[in-house]
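[1] just need the structure, nothing else, for what follows:
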Amino acid sequence: MKKESKLSPQEHLAIHQELYRMLAFLQTAEDVEKFLDDLCTYQEIEQMAERLSCAKYLHNGDTYNQIIAKTDVSSATLSRISRCIQRGSGGYAELLPRYLEETKP
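    Numbering: from 1, shown residues only. Below is the predicted model:
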């Protein structure tokens, strides 16, 4: 059961926006690594990295079965990533192609 928050909706919004500003403030991959190492558990970072990897596989046209075989991610997680790519807020759909293009070898 989720614990009731002591923060108001406005306070939640403010702390979320502060997190987003902090992430935007980071300038290098090393900065991000240091910040996430302090902010998140190893497992949380691992899960985010795995989701990004799955999003890349989906973007490249891999099937669910191929991705599950490569990553051992659950079909439920993979389905959620796919939904976010198709109907999410645009993080995967807009930013992943741009990132892949800019980091192409």
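[2] which stretch of helix or strand covers residue 30?
    Assessed by DSSP states H and E, residue 30 sits inside helix 29-39.
[3] and that helix, what other elements does it pack with?
    helix 9-25 (3 or more Cβ pairs under 8 Å, 6 or more residues apart in numbering; DSSP states H and E). Every C-beta, even on glycine, is put in place using the N, C-alpha and C of the backbone.
[4] show me the contacts for residue 101.
    Contacts here follow Cβ atoms under 8 Å, 6 or more residues apart in numbering; on that basis residue 101 touches nothing.
[5] could you check how far residue 92 is from residue 105?
    Residue 92 sits at a distance of 21 Å from residue 105 (criterion: Cβ to Cβ, to the nearest Å).
[6] quick one on the thing from earlier: show me the contact partners of the helix holding residue 30.
    Residues beyond helix 29-39 that count as contacts (Cβ under 8 Å, 6+ apart) turn out to be 22, 23, 26, 45.
[7] try 6 Å
    By Cβ atoms under 6 Å, 6 or more residues apart in numbering, the list of residues contacting helix 29-39 from outside reads 26, 45.
[8] any buried residues in that helix, and which?
    residue 36 (16 or more other Cβ atoms under 10 Å).
[9] also stretch 84-103?
    Judged by neighbour count using 16+ other Cβ under 10 Å, the buried positions of stretch 84-103 are 84, 85, 92, 96.
[10] got the angle between the helix holding residue 30 and helix 9-25?
    Relative orientation of helix 29-39 with respect to helix 9-25: 140 degrees, computed using axes from the mean of the first three to the mean of the last three Cα atoms, to 10 degrees.
[11] so which elements touch the helix or strand just after helix 29-39?
    Scanning forward in sequence from helix 29-39, with DSSP H and E defining helices and strands, the next element found is helix 42-59. Applying 3 or more Cβ pairs under 6 Å, 6 or more residues apart in numbering; DSSP states H and E, one finds that helix 42-59 contacts helix 64-71, helix 75-87.
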